[in-house]
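>>> Sequence below, structure please.
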Amino acid sequence: MAREVYLVPVVETQVASLKVKTAVMTSCISIDAKGQGVILDVDKYAIMHRIQIHARDLRILDPMLSYPSTILGREKVILLNLEHIKAIITAEEMLLRDPLDNNVIPIVAELKRAIDSR
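The predicted model follows:
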């Protein structure tokens, strides 16, 4: 007795869903060791990639979360959260959030003046 074998093609009906990560763009100024500033519009993923830092560390700079004034030191980065001043400091550059804020403008000017005078 011979058995009949039927081959049924498999059709994939399941469609993989892709999650699109949307991140809020924020404005910050990058000041290098020569005092040159460049205003950047970046999201937290770009900062994480640029600075090599974890997302959990960036939470202290989030204006939507209420963190007390904090100075956080990591291997290659210092994160600074002082009321209106939110900064990321590395050996090569300093990133300041909201560079057009009235409380940040004098800090940027003083920082550039201090770098120029050395």
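>>> And Ser30, how close does it get to Gln52?
15 Å (Cβ to Cβ, to the nearest Å). C-betas here are computed from N, CA, C, even on glycine.
>>> Which one's more surrounded, those two?
Using other Cβ atoms under 10 Å as the criterion, Ser30 and Gln52 rank with Ser30 on top: 18 against 12.
>>> what number of residues lie near Arg74?
Neighbour tally, Arg74, other Cβ under 10 Å: 14.
>>> Test my guess that it contacts Leu58.
No. Using Cβ atoms under 8 Å, Arg74 is not in contact with Leu58, being 10.9 Å away.
>>> any residues in contact with both of the two?
Here Arg74 and Leu58 share no contacting residue, scored by Cβ atoms under 8 Å, 6 or more residues apart in numbering.
>>> for the protein, what spans make up the strands?
According to DSSP state E, the chain carries its strands in the segments 26-32, 37-42, 70-73, 78-82, 85-89, 93-97.
>>> Adding mean pLDDT and distance to Asp62 as columns, could you present the ones you listed in JSON lines?
Converted to JSON lines, the strands of the chain look like this (pLDDT from 0 to 100; distance: least, Cβ to Cβ, whole Å):
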{"stretch": "strand 26-32", "mean pLDDT": "92", "distance to Asp62": "10"}
{"stretch": "strand 37-42", "mean pLDDT": "92", "distance to Asp62": "14"}
{"stretch": "strand 70-73", "mean pLDDT": "92", "distance to Asp62": "12"}
{"stretch": "strand 78-82", "mean pLDDT": "93", "distance to Asp62": "9"}
{"stretch": "strand 85-89", "mean pLDDT": "93", "distance to Asp62": "9"}
{"stretch": "strand 93-97", "mean pLDDT": "93", "distance to Asp62": "10"}
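>>> gap between Thr70 and Leu40?
Taking Cβ to Cβ, one finds Thr70 at 23 Å from Leu40.
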